[in-house]
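K.L.:
sequence plus predicted model, see below.
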Amino acid sequence: MPRMSPTPDFAAGHLPALLHHLPLRAAHCWPQHRALTSGSEHITYADLGRDIQALAAGLRQQGLRAGDRVVVWLDKRPATVVASYGVPAAGGVLVPANPVLKPAQVAHIVQDAGACLLITTAQRLASLDEWLPQCPTLRQAVLCDEGVVAAPVPLLPWRELLAAEPEPLPDRLDTDIAAIFYTSGSTGRPKGVVLSHRNLVAGAASVASYLHNTTEDTLLAALPLSFDAGFSQLTTAALVGARVVLLNYLMPRDVLTAMAREGVTGLTAVPPLYGQLAALDWPPEATARLRYWANTGGRMPGATLQRLRQRAPKALPYLMYGLTEAFRSTYLPPAEVDRRPDSIGRAIPNAQILVLREDGTECAPDEPGELVHRGPLVAQGYWNRPDDTALRFRPLPAALVPGREGVPLPEVAVFSGDTVRRDAEGYLYFVGRRDEMIKTSGYRVSPTEVEEAIHASGLVHEVLAVGIEHEVLGQVIHVGAVPAEPARSDAELTAALQQHCRAQLPAYMVPAAVHWQRSPLPRNPNGKLDRPRWKAESDQSKAPQ
């Protein structure tokens with residue numbers, strides 16, 4: 001039997017050690033403060049804390065064991081938040097799946113994580129019907145709505161789990177695994193980034209400190225909660241007793257409407273959404289209480305930055321850089337935005353950012369090198385991928401960490417794969433990526449995953465996917481392809497391929513352009529298809545966007 005955790009000493013003002021302690025502490029300190037708003041529904045921290053503890057008890061009574069992985073595939077709703085905290089509270093590991101993913105991609109996450117439980121809706125579960133046989137570890141599914149569906153695994157109603165009587169929570173350490181966030185790499189399908197309780201709580205404390213979050217804040221959750229920056233809205237708010245407004249928006253105008261209706265004080269989003277918002281007229285109510293807006297997921301175009309500052313002249317802009325493997329790495333203080341709008345700033349609190357050469361030595365000022373992040377936000381590696389982990393999570397040379405020369409165990413840092421430079425004043429500037437990752441619409445997209453989906457259409461003999469620079473989206477996906485049926489016209493092939501991609505991939509992964517050729521695609525000396533060469537030789541890579 002696992003040991004039960006004593007009641008945390010929230011009354012003494014201790015900061016939380018575990019992920020689920022964030023909302024439970026808020027329930028103790030600010031029980032009647034609103035924690036969540038979803039449409040017309042408002043939930044206090046007292047109610048949220050009660051539901052989290054009830055769900056944890058219900059999951060344990062259903063046999064959830066310490067370390068069991070639970071996939072949560074839902075849109076933004078109160079149940080999503082309760083599950084996000086309740087699973088770790090029960091001793092399990094949260095695995096959030098982006099609600100825009102297609103069934104095959106969710107099935108990959110369930111299978112790769114070895115999940116035993118899926119929390120979703122009847123409609124979403126029905127869409128997984130043909131894929132569930134590929135998920136042998138899945139034992140149960142929890143339905144958060146009243147829908148009816150036939151499934152090859154036992155089904156549990158959400159309300160039944162929440163009816164469980166709260167009980168003492170299992171004892172966990174802050175070094176135990178709390179969550180696995182799936183993110184794309186440059187090759188293959190998405191990989192699971194393993195995050196400890198310490199990683200997530202330290203991230204919340206760091207971000208809340210430089211954004212100066214307080215109980216008076218209302219944060220708009222516009223980003224997916226499966227995205228580290230989206231999930232951060234929950235953790236930073238709970239740390240200080242602020243409110244989160246859950247928004248599943250269809251149009252950019254919906255974001256402004258929610259900001260005006262709810263008196264939002266903090267907004268975090270990605271450049272493509274900000275580009276859309278900047279093009280709209282903002283009602284005065286949208287900025288009446290807006291204290292700051294923060295950018296993540298790519299460089300903010302200068303024109304968008306200026307338009308946003310005109311739309312919300314009293315709000316402070318925070319330009320941030322991060323990666324799922326270390327949550328958040330840098331931010332540019334608002335006072336520096338006018339002086340250096342192209343900078344990604346300096347290290348966030350409780351993190352150190354190094355710029356290193358290939359040989360592991362530090363770069364001189366303005367010398368390009370790899371961004372390397374050290375500190376408590378560095379993740380625990382990739383789930384079940386020791387080779388990938390060894391490439392990205394590597395020991396730091398002891399000489400770079402004063403005082404560790406005599407420590408036998410090395411400190412592991414995350415090597416980002418991004419090339420940056422640091423100026424003489426210590427501010428960092430993004431130069432480019434070292435790998436072939438595509439960064440579009442705030443998402444990291446694996447070119448290999450796009451290529452695999454296209455191959456599955458049967459329309460191509462060969463295919464390459466690359467990212468082409470785009471002023472608003474960061475990059476857009478272009479593919480070069482050799483058709484399986486050369487006699488068909490390019491227009492006919494493109495229409496068929498786009499239809500296939502829209503059915504198999506989320507919108508942000510659908511290619512913006514297909515370039516057909518009847519000769520073989522270029523290869524490198526090893527005989528592999530050569531993405532960089534194709535991109536460099538293609539006229540469209542030089543065309544204005």
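P.N.:
Received it, and whenever you're ready, just let me know what you need. Numbering: from 1, shown residues only.
K.L.:
and the residue nearest the centre of the chain, how far from residue 498?
P.N.:
Closest residue to the average C-alpha location of the chain: residue 227 at 2.0 Å, with CA atoms, centre = their mean. Counting by CB to CB, to the nearest Å, the separation of residue 227 from residue 498 is 26 Å. (Each C-beta comes from the backbone N, C-alpha and C, glycine too.)
K.L.:
and residue 413, its phi and psi?
P.N.:
Torsion angles at residue 413 (phi, psi; degrees, to the nearest 10) stand at phi -120, psi 170.
K.L.:
in a helix, residue 51, correct?
P.N.:
Yes: assigned with DSSP: H, G, I helix; E, B strand; the rest coil, residue 51 falls within a helix.
K.L.:
just the pLDDT for it.
P.N.:
pLDDT for residue 51: 97.
K.L.:
so who does the spatially closest residue to it that is not a sequence neighbour touch?
P.N.:
Excluding the flanking residues, the one nearest residue 51 by CB to CB, 6 or more residues apart in numbering is residue 82, at 4.7 Å. Each residue near residue 82 by CB atoms under 8 Å, 6 or more residues apart in numbering is listed here: 48, 51-52, 55, 162.
K.L.:
now with 10 Å?
P.N.:
Going by CB atoms under 10 Å, 6 or more residues apart in numbering, residue 82 touches 23, 36, 43, 47-56, 72, 89, 119, 144, 158, 161-162.
K.L.:
ok, the residue of the chain most remote from its centre to residue 437 distance?
P.N.:
Most distant residue from the mean C-alpha position of the chain: residue 487, 42.3 Å away (CA atoms, centre = their mean). From residue 487 across to residue 437, the span is 35 Å (CB to CB).
K.L.:
pLDDT weak spots in the stretch 401-545 of the chain?
P.N.:
Applying pLDDT under 70 to the stretch 401-545 of the chain picks out residues 524-528, 539-545.
K.L.:
can you give me the helices in it?
P.N.:
Secondary structure of the stretch 401-545 of the chain (DSSP state H, counting those that start in this stretch): helices located at 447-455, 490-504, 531-537.
K.L.:
helices and strands around the second one, which ones?
P.N.:
For helix 490-504, the elements it packs on are helix 103-113, helix 447-455, strand 460-470, strand 474-483, strand 513-516, judged by 3 or more CB pairs under 10 Å, 6 or more residues apart in numbering; DSSP states H and E.
K.L.:
which one of those lies closest to residue 427?
P.N.:
Residue 427 sits nearest to strand 474-483 of all the helices and strands packed on helix 490-504, at 21.1 Å, using CB to CB.
K.L.:
run the angle between that closest one and strand 460-470 for me.
P.N.:
If you take axes from the mean of the first three to the mean of the last three CA atoms, to 10 degrees, strand 474-483 sits at 160 degrees to strand 460-470.
K.L.:
which elements pack onto strand 474-483?
P.N.:
helix 271-278, strand 438-440, strand 443-445, helix 447-455, strand 460-470, helix 490-504, strand 513-516, helix 531-537.
K.L.:
strands paired with the third one, and their directions?
P.N.:
For strand 443-445, the pairing partners within the sheet under DSSP bridges are strand 438-440 (antiparallel).
K.L.:
distance from the chain centre to the partner strand, please.
P.N.:
13 Å (CA atoms, centre = their mean, to the nearest Å).
K.L.:
likewise for stretch 469-484?
P.N.:
Per CA atoms, centre = their mean, the centroid offset for stretch 469-484 relative to its chain is 22 Å.
K.L.:
tell me where the chain is predicted with low confidence.
P.N.:
The model of the chain has pLDDT under 70 over residues 1-13, 185-188, 524-528, 539-545.
K.L.:
in the helix or strand containing residue 156, what's buried?
P.N.:
Using DSSP states H and E, residue 156 sits within strand 155-157. Residues of strand 155-157 classed as buried: residue 156 (neighbour count, 16 or more other CB atoms under 10 Å).
K.L.:
stretch 452-472 too?
P.N.:
453-454, 457, 459-460, 462-468, 470, 472.
K.L.:
now the helices: where do they sit in the stretch 1-150 of the chain?
P.N.:
With DSSP H, counting those that start in this stretch, the ranges of helices along the stretch 1-150 of the chain come out as 21-29, 45-61, 78-89, 103-113, 122-127.
K.L.:
single out the most deeply packed of the ones you listed.
P.N.:
Mean neighbours per residue, mean count of other CB atoms under 10 Å, is largest over these for helix 78-89, with a mean of 27.
K.L.:
can I get that one in PDB, CA atoms only?
P.N.:
Output of helix 78-89 as PDB, limited to C-alpha atoms (Å, rounded to 0.1, in the frame of the first residue of the first chain):
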ATOM      1  CA  PRO A  78     -13.800  22.700 -16.000                       C
ATOM      2  CA  ALA A  79     -13.400  18.900 -16.200                       C
ATOM      3  CA  THR A  80     -10.200  19.300 -18.100                       C
ATOM      4  CA  VAL A  81      -8.800  21.400 -15.300                       C
ATOM      5  CA  VAL A  82     -10.000  19.000 -12.600                       C
ATOM      6  CA  ALA A  83      -8.500  16.100 -14.500                       C
ATOM      7  CA  SER A  84      -5.200  18.000 -15.000                       C
ATOM      8  CA  TYR A  85      -4.700  18.300 -11.300                       C
ATOM      9  CA  GLY A  86      -6.700  15.200 -10.100                       C
ATOM     10  CA  VAL A  87      -4.600  12.700 -12.000                       C
ATOM     11  CA  PRO A  88      -1.300  13.800 -10.400                       C
ATOM     12  CA  ALA A  89      -3.100  14.100  -7.000                       C
END
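K.L.:
quick check: angle from it to helix 45-61?
P.N.:
Going by the same axes, to 10 degrees, helix 78-89 makes 60 degrees with helix 45-61.
K.L.:
leaving aside the residues adjacent along the chain, what's closest to residue 523?
P.N.:
Once flanking residues are discounted, residue 523 sits nearest to residue 530: 5.6 Å by CB to CB, 6+ apart.
K.L.:
my read: the one you found touches residue 538, true?
P.N.:
No: at 11.8 Å, residue 530 does not count as touching residue 538 under the criterion of CB atoms under 10 Å.
K.L.:
shared neighbours of those two, which are they?
P.N.:
The contact sets of residue 530 and residue 538 overlap at 464, 522 (CB under 10 Å, 6+ apart).
K.L.:
on that earlier part again, looking at the helices of the stretch 401-545 of the chain, which is closest to residue 419?
P.N.:
helix 531-537 (14.5 Å).
K.L.:
could you chop the protein up by domain?
P.N.:
Domains of the chain are assigned by automatic domain parsing as 10-198, 249-433, 438-542.
K.L.:
and among the ones you listed, the most buried is which?
P.N.:
For the domains of the chain, the highest mean count by mean count of other CB under 10 Å goes to domain 10-198, at a mean of 20.
K.L.:
which residue is the nearest non-sequential neighbour of residue 259?
P.N.:
Excluding its sequence neighbours, the residue lying closest to residue 259 (CB to CB, 6+ apart) is residue 286, at 4.2 Å.
K.L.:
and the one you found, helix, strand or coil?
P.N.:
Applying three-state DSSP: residue 286 is helix.
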